[in-house]
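Asks: sequence unknown, structure follows:
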């Protein structure tokens, strides 16, 4: 930085000597003009320095994903939690079973995690030379077997051989008119077809959905229980292992909850006495119920497919019933940090570009609702970056 500052001083000094001073400028006016030009040059130089730093942050941001995935796979958040919420590098080294030769690299990994806000670090106290690492709101959600462990969702998002590799040749996909989706270009089939032939990917998808539903439904039922009051039946379409349906049935035992999903999903779903499970295809038929629930479903499909699904939903709902959608509405959220919320939303949209789906802004949701014949809707932001949308026939 000292070298860059010296270069700037030298450059601006040379330019200052070359500034033309008109005869009609008083000395004070000429000095002000010189100062203004020097300030402008300094601002331009500082912009370049900031841009250079930002390029490093953007270009290497994939290492943040790699670092947090590594931390989860090593069980670092769990180690800290099991140690009472605070652990030294020696504690982490001992409990994770990392090889002795990797201790210097562990220090570097922990430093990245702390700088990125995934962990907190406290400097040594007294005679100690060891930093103490504690959990943050991020890492508290990554504790294995925790109440709201969403590490399976993170592991799906950062999965090297399916998620990450899908975007390796994105620029080629943009230029290839014959390429259908980035996922199909990378893997030769759609994500849904891959779940039928790759058991590990199918398990990763199901585990991620379970983890996501566990947290989101806790928030939904705590913050917006009124959306379920008065219902006597509900169909959870593409409901996976039924986490959302089980949570609703527990809170509202008078509601008969049923999960509808594909064969490879239903056959692995743990059975629950309070929920029914049906093998079926939402593109062909949805059983009748007071309410149909679509949680994180429509963002996987383009508009025409969404309209088909929504049309079947409308047929399944009686007068006075409703469709309940839990999904992102780009631009809406509850956090005061609007930039962080919207960044998460547009990155989710980029993620769903792997297939035919996308995250929608409100006007895009309205368009598919109208095409499917619905009469109105109500949006309630509930958990960044997610909202509840109640849609009425």
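Replies: Perfect, thanks for sending it. Since this is a predicted model, take the numbers as computed values, not measurements.
Asks: burial measure for the residue nearest to residue 192 when sequence neighbours are not counted, as a count.
Replies: Leaving out its chain neighbours, the residue that sits closest to residue 192 by C-beta to C-beta, 6 or more residues apart in numbering is residue 262, at 7.9 Å. (C-beta placed from N, C-alpha, C; glycine too.) When neighbours are defined as other C-beta atoms under 10 Å, residue 262 has 17 of them.
Asks: my guess is residue 262 contacts residue 284. True?
Replies: No: Residue 262 is beyond contact range of residue 284, at 11.4 Å (criterion: C-beta atoms under 8 Å).
Asks: re earlier: for the residue nearest to residue 192, grab phi and psi.
Replies: The phi and psi values for residue 262, taken as degrees, to the nearest 10, are phi -70, psi 160.
Asks: contacts only, for it.
Replies: Residue 262 makes contacts with 192, 279-281, as judged by C-beta atoms under 8 Å, 6 or more residues apart in numbering.
Asks: for residue 310, see how far away it is.
Replies: From residue 262 across to residue 310, the span is 19 Å (C-beta to C-beta, to the nearest Å).
Asks: how about stretch 269-281: buried residues?
Replies: 269, 272, 275-277, 280 (16 or more other C-beta atoms under 10 Å).
Asks: same question, stretch 90-100
Replies: Applying 16+ other C-beta under 10 Å to stretch 90-100 flags 91-93, 95-96, 98 as buried.
Asks: ok so, going back, for residue 299, see how far away the residue nearest to residue 192 is.
Replies: Counting by C-beta to C-beta - residue 262 and residue 299 are separated by 18 Å.
Asks: how much space between the nearest residue to residue 357 once chain neighbours are set aside and residue 94?
Replies: Closest residue to residue 357 apart from its sequence neighbours, by C-beta to C-beta, 6+ apart: residue 300 at 4.0 Å. Taking C-beta to C-beta as the measure, residue 300 and residue 94 are separated by 43 Å.
Asks: before we move on, what about residue 162?
Replies: Computed with C-beta to C-beta, the distance linking residue 162 and residue 94 is 33 Å.
Asks: just the buried residues of stretch 137-149, please?
Replies: Of the residues in stretch 137-149, those buried (16+ other C-beta under 10 Å) are 139-143, 149.
Asks: gap between the two ends of that stretch?
Replies: One end of stretch 137-149 to the other measures 12 Å (C-alpha to C-alpha, to the nearest Å).
Asks: please apply the same query to stretch 278-293.
Replies: 14 Å.
Asks: quick one: mean pLDDT for that stretch?
Replies: On average, the pLDDT along stretch 278-293 is 96.
Asks: show me the contact partners of that stretch.
Replies: Contacts to stretch 278-293, defined as C-beta under 8 Å, 6+ apart, come from residues 228, 231-239, 244-245, 248, 256, 258-263, 266, 297, 305, 308-309, 312-313, 315-318, 320-324, 326.
Asks: what's the answer for stretch 313-327, then?
Replies: Here stretch 313-327 makes contact (C-beta under 8 Å, 6+ apart) with 216, 220, 227, 235, 237, 244, 286-299, 310, 359-360, 372-374, 382, 386-393.
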